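[1] Quick one, fold the following:
(6 chains)
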Protein chains: 4
Amino acid sequence: MTNATRTASGRRRNEEARLAILTAAYELTAEAGYPDLTVEGIAARAGAGKQTVYRWWPTKADILLEALALKADLKVSTADQGSFRAELDTFLRDSATLLAFPGVVPVLRSLMAEAQRDADFRRRFQDGFLTRRRAALETIVDRAAARGDKPPHLTPDLAADVVFGLVWYRVLATERLLEDEDVTAIRRLLTDRSGKE
Amino acid sequence: MTNATRTASGRRRNEEARLAILTAAYELTAEAGYPDLTVEGIAARAGAGKQTVYRWWPTKADILLEALALKADLKVSTADQGSFRAELDTFLRDSATLLAFPGVVPVLRSLMAEAQRDADFRRRFQDGFLTRRRAALETIVDRAAARGDKPPHLTPDLAADVVFGLVWYRVLATERLLEDEDVTAIRRLLTDRSGKE
Amino acid sequence: MTNATRTASGRRRNEEARLAILTAAYELTAEAGYPDLTVEGIAARAGAGKQTVYRWWPTKADILLEALALKADLKVSTADQGSFRAELDTFLRDSATLLAFPGVVPVLRSLMAEAQRDADFRRRFQDGFLTRRRAALETIVDRAAARGDKPPHLTPDLAADVVFGLVWYRVLATERLLEDEDVTAIRRLLTDRSGKE
Amino acid sequence: MTNATRTASGRRRNEEARLAILTAAYELTAEAGYPDLTVEGIAARAGAGKQTVYRWWPTKADILLEALALKADLKVSTADQGSFRAELDTFLRDSATLLAFPGVVPVLRSLMAEAQRDADFRRRFQDGFLTRRRAALETIVDRAAARGDKPPHLTPDLAADVVFGLVWYRVLATERLLEDEDVTAIRRLLTDRSGKE
DNA sequence: AACTAAGCGAGACGGTACGTCACGTCTTAGC
DNA sequence: GCTAAGACGTGACGTACCGTCTCGCTTAGTT
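    Okay, here's the model as predicted:
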């Protein structure tokens, strides 16, 4: 009686080639930009054949999405620090650090741009990146709510929309990134109480 | 007395062709999406030659940028209504209306995506669209400041980053657009006083 | 009382422009070769508009055909010199001189090449150039026949085929042109008697 | 022991596609003429991609040059027949037969025309066709010389110039091709003795 | 130890769109 | 009414990548 998993006969996947392809894609994007990123170019720099690329990734944007996780530390601390204000501050600073990592901004731009053009990749980008980051921030807001430390009208969704909205808008539409005063400004905007209305 | 204008010799530009090209580009993007938008397709639908397209626009994104101004009324009211709150509300509702205009969302996505890939177009998109919209919002915030009607820590820049950040993030990264409760939430966030710190 | 000729109203044909166009076409062919010869380029160098070119010549090959007559002295002496041998010798030397005229070889090549591609021009080239040259040679052969100075089997047609065949073949298929020993060889071939058969 | 042959890695050239392209180019030239021959048209009729054409041939004239060798049997007999006269006769009749092969004349015209426009192709045409044909004729003349069967002033070069000159001139400049009386006339011209001078 | 089934680098294949070029026609204002 | 200027629709050019498809070779179980 055969089990459900396919018999893994034949040669194994070459991990070396996988890393070479991820690195090549990341670096080429950082160096020359996404429009000049071609599967042929990736394969050439990685010393791999085109078929090896197509065997494992559906599009070059997916390579980049995986390469981002490999190259940049995507972890953002959501540890309990006792106050919403402190945790939000840490979250924002961690985000700023990530953006400062070499190559991250060009890659993020490329991924978001590709998500506009390819509906299938859009979903994978949302699942593999965007919603993960939202979840981290929502953890913080939920904890603040439990703690009674949250401004009345601030929902986790609104907080995420504002924070990520601002960060992405800065990345996509401007030349400025997150600086200290920006962190302060957003934190103040989201932590100030508003009792009226 | 110097004569600055060059003698306008030769055949004049065909305004009919210009409009046909803008319309074709806009409609094709709305129908089939930017990746399937080709200069050849635009020219064919417009009944124009490829060369006529290339004579007047450097890239197809530039066609779309001009078509957006033609198709969607980009005016958003910044008229003095006596209070920051009322004017901000109007601004946000006008923006929501613009997004609801048929074809606007796909075109905006395409333009922002293209701005990530082409640094030259990025500048033209900023100058021809993004900064114009920021300027409108800044008018309102500046008037509120003059009126003494503005929250203490809200600068025009921060207001623009938050508003456009949220709107663009919704358009680019989610499937939700601006609804009434969103308008309320943002307006509340930006108009609530915060005296502490 | 008006005369029979059509009232020559409006501006007359500009002879200056005609010569400028012929000269420009001839020179451009000599300099850069026929494939780089464009109507736009001719008009530009001549300081004329494209329409002026198209008004007077059906194709650029026709310009070149007319320019050849203007630039190179196409006259070849067929004067009676008393003997077939002397007249043939003169004819061949005149031909060699023509080929040595600057720019003539590139232009002849271009014209013959164009005659292969355009059946209409082919006819005009034959009428305006090829048959005129044949006629000159036939005059000589006919006079030799009348004089009883002609080899028995040499018809005017065969003489023309051999002479022009050799000259054109040299121009089109080799890098050699007509030299003195070639003139001698052909003249000997065509004047030697052959009584046998 | 050196291994001169490079490792033949990768997919092999598709011989079927090669023949389809050669056939398509030849037929299209015969049908519609060289000016209407486009690489796109060749590829389309051959069921091939344009890149496949450009990968193997630098210009469409080179396709035609190769197709000519494929379509028409270019072998012209130079076998020893005991006399210069007989061998020359055979050579001329074989040449006439070649010209009568369907499509050969339009293709020859196209090749010679193209050789006038493209200096690089000119060389390839000379090496791949013209000098091969000269060599065949020179074989015959050289054998006649060894046999003492050659007219005194007839060099192999002169014979080739006269024969190919006449044939090409007929093809390029007239509507007549080689007929029996032409064969006789040329053979007589080249075999008659001339001892005088 | 031989067999079998992937995975691998290489590279040719049928396609599609690119941006450029020149064509021949047309429209304009000026002489 | 002819001129120079120059925009127009057209269509082929040669290039760049796409994603697929052989090739001969290597690698790793399975028999």
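[2] Give me the nearest residue to the most centrally placed residue in chain A, chain neighbours excluded.
    Closest residue to the average C-alpha location of chain A: residue A:129 at 4.5 Å, with C-alpha atoms, centre = their mean. Excluding its sequence neighbours, the residue lying closest to residue A:129 (C-beta to C-beta, 6 or more residues apart in numbering or on different chains) is residue A:65, at 6.6 Å. Placement of C-beta: from N, CA and C, glycine included.
[3] one step back: what confidence value was assigned to the residue nearest to the centre of chain A?
    On pLDDT, residue A:129 comes in at 95.
[4] and it, what is it in contact with?
    Contacts for residue A:129 (C-beta atoms under 8 Å, 6 or more residues apart in numbering or on different chains) come out as A:65, A:68, A:111.
[5] Same question for residue A:33.
    Counting by C-beta under 8 Å, 6+ apart, residue A:33 makes contact with A:106, A:110, B:117, B:119.
[6] go on, residue A:64?
    Residue A:64 makes contacts with A:25-26, A:29, A:34, A:37, A:107, A:110-111, A:114, as judged by C-beta under 8 Å, 6+ apart.
[7] secondary structure element for it?
    Element membership for residue A:64, per DSSP states H and E: helix A:60-71.
[8] angle of the helix or strand just after that helix against helix A:60-71?
    Beyond helix A:60-71 in the direction of the C-terminus, DSSP H and E gives the next helix or strand as helix A:84-100. Taking axes from the mean of the first three to the mean of the last three C-alpha atoms, to 10 degrees, one finds helix A:84-100 and helix A:60-71 inclined to each other by 120 degrees.
[9] Now look at the helix or strand following helix A:84-100 and say if it contacts chain B.
    Downstream of helix A:84-100, the next assigned helix or strand under DSSP H and E is helix A:104-117. Yes. Helix A:104-117 reaches chain B (C-beta under 8 Å from any C-beta of the partner chain) through A:109-110, A:112-117.
[10] model confidence over whatever helix or strand comes next after helix A:104-117, on average?
    For helix A:104-117, the succeeding helix or strand toward the C-terminus, using DSSP H and E, is helix A:119-125. Helix A:119-125 shows a mean pLDDT of 96.
[11] now stretch A:189-197
    For stretch A:189-197, mean pLDDT is 66.
[12] Next, report how far stretch A:34-41 is displaced from the centre of its chain.
    Taking the mean of its C-alpha atoms, stretch A:34-41 sits 21 Å from the chain's own mean (C-alpha atoms, centre = their mean, to the nearest Å).
[13] any idea of the mean pLDDT for it?
    Stretch A:34-41 carries an average pLDDT of 96.
[14] buried residues in that stretch?
    Neighbour-count burial for stretch A:34-41 flags A:34, A:37, A:39 (criterion: 16 or more other C-beta atoms under 10 Å in any protein chain shown).
[15] what about residue A:184, how many residues close to it?
    14 (other C-beta atoms under 10 Å in any protein chain shown).
[16] Please, which helix or strand holds it?
    Going by DSSP H and E, residue A:184 is in helix A:180-191.
[17] Okay, buried residues for that helix please.
    Using 16+ other C-beta under 10 Å as the test for burial, helix A:180-191 gives A:182-183, A:185-191.
[18] tell me, which of the residues you listed make contact with chain B?
    Okay, of the buried residues of helix A:180-191 touching chain B (C-beta under 8 Å from any C-beta), that's A:182, A:185, A:188-190.
[19] Out of the residues you listed, which is nearest to residue D:95?
    Of all these, residue A:182 has the smallest distance to residue D:95: 86.0 Å, by C-beta to C-beta.
[20] per-residue confidence at that closest one?
    The model reports residue A:182 with a pLDDT of 93.
[21] how near is the one residue in chain A that gets nearest to chain C to residue A:30?
    At 31.9 Å from chain C, residue A:36 is the closest residue in chain A, using C-beta to the nearest C-beta. Distance, residue A:36 to residue A:30, by C-beta to C-beta, to the nearest Å: 11 Å.
[22] quick one: which of the ones next to chain B among the buried residues of helix A:180-191 is nearest residue B:49?
    Distances from residue B:49 to these, taken by C-beta to C-beta, are shortest for residue A:182, at 48.6 Å.
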